[in-house]
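# Structure of the sequence below:
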Amino acid sequence: MAHFCGSKYGVAVASCTDALFLSFKYRKARHVIFPARTYISAVFSAMHAGATIDFDDIEWSGAYKLEPYDVIDSAGRLNRGMYQGGLHCVSFHARKIIPIGRGGMILTDDEKAYKWFRKARFDGRNPEVPFKEDDVESDGWNCYMTPEQASRGLQLLEGLKPDLPDAYSSRDYPDLREMTIFKKMKLYVVA
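Modelled structure (predicted):
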């Protein structure tokens, strides 16, 4: 998948939401600006990682950057050579371009980030060391992709056309600023 997208590394996780969450944890995100129209779990991923959020009127198709970080939510885009740096999060949900049911990936060229993500997605453990022999040194979360899903994803990747249209855009989502949960929060809209 990393080769297809053009990055050096790819770390498979259970969902794109997990990919975003781990990316925000890795970047130690404090404040993230989201499009007002996006999938709600993307916003929750930043909040659960400890960041505050704001909404802005950002039009997007397939992917968008989450300012001020180099985290890209690409849940609706998957094309050959699309990686252009940073922490690029993709989705393999049942309604996405590679529909394995549930899954995601973080694409990066950063070897240090790659090594951190591999452990963080696996409860902080080293996936190459038996659990009874591992000495966990940092936090981790249970959000790795199952081998069955990974295998199915690789099978579907083989038949993927190189330039597919974006699966989603901002037009496909409600304005999150109108939802009760966000109205209760003290958010301001970036001009």
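# show me what contacts the residue nearest to Ala29 when sequence neighbours are not counted?
Spatial nearest neighbour of Ala29, chain neighbours left out: Ala51 (4.1 Å); criterion: C-beta to C-beta, 6 or more residues apart in numbering. For the C-beta atoms, the positions are set from N, CA and C on the backbone; glycine is no exception. Going by C-beta atoms under 8 Å, 6 or more residues apart in numbering, Ala51 touches Phe24, Ala29, Arg30, His31, Val32.
# Which strand or helix spans Val32?
According to DSSP states H and E, Val32 maps onto strand 31-35.
# Check the offset of that strand from the chain's centre.
Centre-to-centre, strand 31-35 and its host chain are 14 Å apart (C-alpha atoms, centre = their mean, to the nearest Å).
# tell me the strands in this structure, going along the chain?
Using DSSP state E, the strands of the chain run over residues 9-13, 31-35, 52-56, 64-66, 71-74, 87-91, 104-108.
# Would you list the strands that the fifth one pairs with, along with their directions?
The one in question is strand 71-74. Using DSSP bridges, strand 71-74 pairs in its sheet with strand 64-66 (antiparallel), strand 87-91 (parallel).
# one step back: state the distance from the residue nearest to Ala29 to Val71.
Remark: distance between Ala51 and Val71 (C-beta to C-beta, to the nearest Å) = 10 Å.
# what's the span of stretch 24-43 from first residue to last?
Stretch 24-43 has an end-to-end distance of 11 Å (criterion: C-alpha to C-alpha, to the nearest Å).
# Pull out the buried residues from it.
24-27, 29, 32-39, 42-43 (16 or more other C-beta atoms under 10 Å).
# who touches the closest residue to Met47 other than its chain neighbours in this structure?
Nearest residue to Met47, sequence neighbours excluded (C-beta to C-beta, 6+ apart): Ile53, at 6.2 Å. Going by C-beta under 8 Å, 6+ apart, Ile53 touches His31, Val32, Ile33, Phe34, Val43, Ala46, Met47, Leu187.
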